[in-house]
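K.L.:
The sequence and its predicted three-dimensional model are supplied below.
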Amino acid sequence: MVREILLLGDPRLYQVSSPVEIDELDTVKAVVNDLHDTLMAYREKYGAGRAIAAPQIGVFKRLIYMCIDEPVVFINPTLHFEDDEMMEVLDDCMSFPGLLVRVKRYKRCRIRFKGMDFSDQERKLEGDLSELLQHEYDHLDGILATMRAIDARAFYLKGHKMVLN
């Protein structure tokens, strides 16, 4: 089912999500279906969207759904950074369509998580996938890209000419 995406300014977006417990896996399956449907509807409307965090649809559990080549569900993820190399990116978000925010993210990360069978899994990510998972992970802690802006002039509207220093 397509769910409403919480938008910038909604105080619920700043909540910290709680871990998924193993006895909640049946509920998680329904939430994952909703995350998938919501992501696909957003993609159809805006032509963008690669991942979504459960808090964005009002489910405050540590759960991320990513669908690029194939769907991947990250339950109770933890991020680890192996070095300090950063990259500057223009971050966008389904919770504020049309707005881009210049932020710094780690170029590489390792994400440890539970799969849909609650087994331990791990992936190494680099570049845009590293940035994407850091963005979604922030949602689990009630952090928005707007809070990570490089400075007060780091905001841009999509479709407008941008001049980056």
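P.N.:
That came in fine, so what should we check first? Numbers count the residues shown, from 1 in each chain.
K.L.:
residue contacts, the spatially most central residue of the chain?
P.N.:
Centroid-nearest residue in the chain: residue 136, 1.9 Å away (criterion: C-alpha atoms, centre = their mean). Going by C-beta atoms under 8 Å, 6 or more residues apart in numbering, residue 136 touches 51, 52, 53, 64, 66, 74. Heads up, the C-betas are built off the backbone N, CA and C, glycines and all.
K.L.:
Check the secondary structure at the last one for me.
P.N.:
Looking back up the chat, that one is residue 74. strand (DSSP: H, G, I helix; E, B strand; the rest coil).
K.L.:
okay, the spatially closest residue to residue 37 that is not a sequence neighbour: pLDDT?
P.N.:
By the measure of C-beta to C-beta, 6 or more residues apart in numbering, the closest residue to residue 37 outside its immediate chain neighbours is residue 2, 4.8 Å from it. Predicted confidence (pLDDT) at residue 2: the value is 97.
K.L.:
Residue 2 contacts residue 36, doesn't it?
P.N.:
No: Residue 2 lies out of contact with residue 36 (C-beta atoms under 8 Å); the separation is 9.7 Å.
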